[in-house]
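> okay, sequence plus prediction incoming.
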Amino acid sequence: MSEVRIVGGLWKRSKLPVADKPGLRPTPDRVRETLFNWLGQDLDGWRVLDAFAGSGALGFEAASRGASEVLLLERDRDLARSLQTSKTRLKAENLRVEQADAIAWMSRSAPGRFELVMLDPPFDGGLFEPAIKAAAPLLVAGGYLYVESPEPIEPAADLPLEAHRNGRAGSVHYALFRRNG
């Protein structure tokens, strides 16, 4: 089992375990650092959804930087258990772990709940379009949608999202979109 470290905030340099599971690729430190530079270092009061949590690197990073509520969704039981163990170890009271299918959960969730939704689904599952479509309504006006993918992502034209920033690290493309008001 390898590890990934939290880059900033309250738990800076704390390590999270990364299970050896097919398709699990934690967001690299440099990419997380870039994302949170784009968003601002202080997420005080933000409600955040990490929809395909995996190692939890994105969600724990948001919680570490002051988000008031962070929800990690993970379908895999072992990964969800590991996320819960990390939550307990770090005493992350602002973070909740739920074992659930992310797209199904987002599809039935109330709209306008989150300032930030992060999507890093398995690259080979064909989940990008359905995940973006399910996530967009969950954002408050002006809220952000972060997506990682193996190729550049453009949301469907009928979604209320505009490109904000994007980058690439190796074979991973990452983009930040903003919900129109």
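Done, it's in. Numbering: from 1, shown residues only.

> by residue count, tell me the biggest helix in this structure.
helix 77-90 (DSSP state H).

> how about the strands in the chain?
Remark: strands assigned in the chain by DSSP state E are 2-5, 15-18, 47-50, 69-74, 95-99, 114-119, 139-149, 161-169, 172-179.

> burial of the nearest residue to residue 162 once chain neighbours are set aside, as a residue count?
Closest residue in space to residue 162, ignoring its immediate chain neighbours: residue 178 at 5.6 Å, by Cβ to Cβ, 6 or more residues apart in numbering. (Each C-beta comes from the backbone N, C-alpha and C, glycine too.) Residues lying near residue 178 (other Cβ atoms under 10 Å) number 17.

> from residue 13, how far out is residue 178?
Remark: distance between residue 178 and residue 13 (Cβ to Cβ, to the nearest Å) = 30 Å.

> residue 48 is in contact with residue 115, correct?
Yes. Here residue 115 reaches residue 48: they are 6.8 Å apart, a contact under Cβ atoms under 8 Å.

> of the two, give the one with the bigger neighbour count.
It is residue 48, of residue 115 and residue 48, that has more neighbours when counted by other Cβ under 10 Å, with 28 against 21.

> identify the bridge partners of the more buried one.
Residue 48 forms beta bridges with residue 70, residue 116, as assigned by DSSP bridges.

> residue contacts, it?
59, 62, 63, 67, 69, 70, 71, 114, 115, 116, 117, 118 (Cβ atoms under 8 Å, 6 or more residues apart in numbering).

> next, give phi and psi for the fourth one.
Right, the one you point to is residue 67. phi -60, psi 140 (degrees, to the nearest 10).

> can you count the residues close to it?
24.

> contacts only, for it.
Neighbouring residues of residue 67 by Cβ under 8 Å, 6+ apart: 43, 44, 45, 46, 47, 48, 94, 116.

> any chance of these in CSV, plus pLDDT?
Below are these laid out as CSV (pLDDT from 0 to 100):
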residue, pLDDT
43, 95
44, 95
45, 95
46, 98
47, 98
48, 98
94, 97
116, 98
